[in-house]
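**Student:** Following is a predicted model, sequence given first.
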Amino acid sequence: MHELASRRLGPGDEAVDELARRAARGDEAAFDALVRRCYRRIYRWALVRVGDPDEAEDVTQQVLVRLYRHLPSWEGRGRFTTWLYGVTRNAAASHAQSGAGGALGDGAPSGAPRPCWEPRSGSSDACTRRT
């Protein structure tokens, strides 16, 4: 497992797991909060995988689309961030296989509008906190 994925997050980890549980049950506010808390971490993981900031941004957007579509499949048995790392790893691999630049990797046509969730300035970011 990659070093970034194995770092412990500390007390905020349980809060992220709880946000993920609520978001998986359809709580949109929890989903928004989850994205704000994990956005930077997803981007960093993607950057490690693809090595280019623009490509990492594309992969991050792919992960957020997959997160929205597939969060209910997270069963809550392990840490949410472990599951999220796997989603990010798979999105980066799909992105690389697609020749990068253009395809969302989820069946969306090239050039389709991409959602863009950015963390709010000054927000707590438990997913990026290091212990």
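**Tutor:** Thanks, I have it. No experiment lies behind these values; they were computed from the predicted model shown.

**Student:** what's around residue 55, how many residues?
**Tutor:** Per other C-beta atoms under 10 Å, the neighbour tally for residue 55 reads 18. The way it works is simple: take the backbone N, C-alpha and C, and place the C-beta from them, glycine included.

**Student:** what comes up buried for the host helix or strand of it?
**Tutor:** Assigned by DSSP states H and E, residue 55 belongs to helix 53-70. Across helix 53-70, burial judged by 16 or more other C-beta atoms under 10 Å covers 55-67.

**Student:** Would you mind getting the angle between the strand or helix carrying residue 36 and helix 53-70?
**Tutor:** Using DSSP H and E, residue 36 sits within helix 28-50. With axes from the mean of the first three to the mean of the last three C-alpha atoms, to 10 degrees applied, the angle from helix 28-50 to helix 53-70 works out at 140 degrees.

**Student:** contacting residues for residue 71?
**Tutor:** By C-beta atoms under 8 Å, 6 or more residues apart in numbering, residue 71 lies in contact with 20, 23, 24, 31.
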